[in-house]
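Engineer: Below are the sequence and a predicted model; questions follow.
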Amino acid sequence: MKGDIYRLFQRVKERGRAVTPNRLSVEAGCMKRTRVDSDRWFDVLEETETAQAAVMTLSPGQSTGGPDNHHEKSDQWLYVIEGEGRAIVEGEPVALQAGDLVCIEAGETHEIENTGDRPQKTLSLYVPPRSYD
């Protein structure tokens with residue numbers, strides 16, 4: 001399981017797409033504290049011109065995305081807060097559990113599934129902000 005996550009990060013690193021402190025800049029005075037707490041299945045918590053944070057909760061057996069789902073211009077960093085499941089990125093399945101972080105690069109197809117017996121909560125960061133067109 002941890003090896004799968006490592007391989008995804010290696011793939012990002014090899015492509016030269018790792019996020020470094022220089023890629024994200026926030027103007028002074030923009031710091032906000034937001035609780036990651038929502039009753040909705042998907043909720044955008046905060047958004048700036050350069051990034052967006054959203055929380056998602058999947059019920060047991062629920063999934064989102066699929067072979068046609070991708071964000072054309074946004075990288076997605078998905079952190080599993082609680083629960084377990086599976087990410088399928090470009091057809092590659094990766095087991096997920098609380099504490100795991102997955103990078104889904106712009107344009108990559110992906111699906112997230114809750115394979116556990118309790119809700120799966122994730123926090124996603126989209127860079128730049130995800131478009132809803």
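Structural biologist: That came in fine, so what should we check first?
Engineer: CA-only coordinates of the helix or strand where T57 lies in CSV, if you can.
Structural biologist: Following DSSP states H and E, one finds T57 within strand 52-58. Output of strand 52-58 as CSV, limited to C-alpha atoms (Å, rounded to 0.1, in the frame of the first residue of the first chain):
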residue,chain,number,x,y,z
GLN,A,52,-8.6,25.7,-3.9
ALA,A,53,-9.3,23.4,-0.9
ALA,A,54,-12.3,21.1,-0.7
VAL,A,55,-13.5,18.4,1.6
MET,A,56,-15.3,15.3,0.3
THR,A,57,-17.1,12.5,2.3
LEU,A,58,-18.0,9.2,0.6
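Engineer: For whatever helix or strand comes next after it, which helices and strands make contact with it?
Structural biologist: Where DSSP H and E defines the elements, the next helix or strand beyond strand 52-58 is strand 63-66. Strand 63-66 sits against strand 110-114, with contacts defined as 3 or more CB pairs under 8 Å, 6 or more residues apart in numbering; DSSP states H and E. C-beta here means a position set from N, CA and C on the backbone, and glycine is covered the same way.
Engineer: Partner strands of the strand it packs on and their direction?
Structural biologist: Using DSSP bridges, strand 110-114 pairs in its sheet with strand 63-66 (antiparallel), strand 84-89 (antiparallel).
Engineer: Tell me which of those strands sits most buried.
Structural biologist: Ranked by mean neighbour count, the strands paired with strand 110-114 are led by strand 84-89 with a mean of 20 (mean count of other CB atoms under 10 Å).
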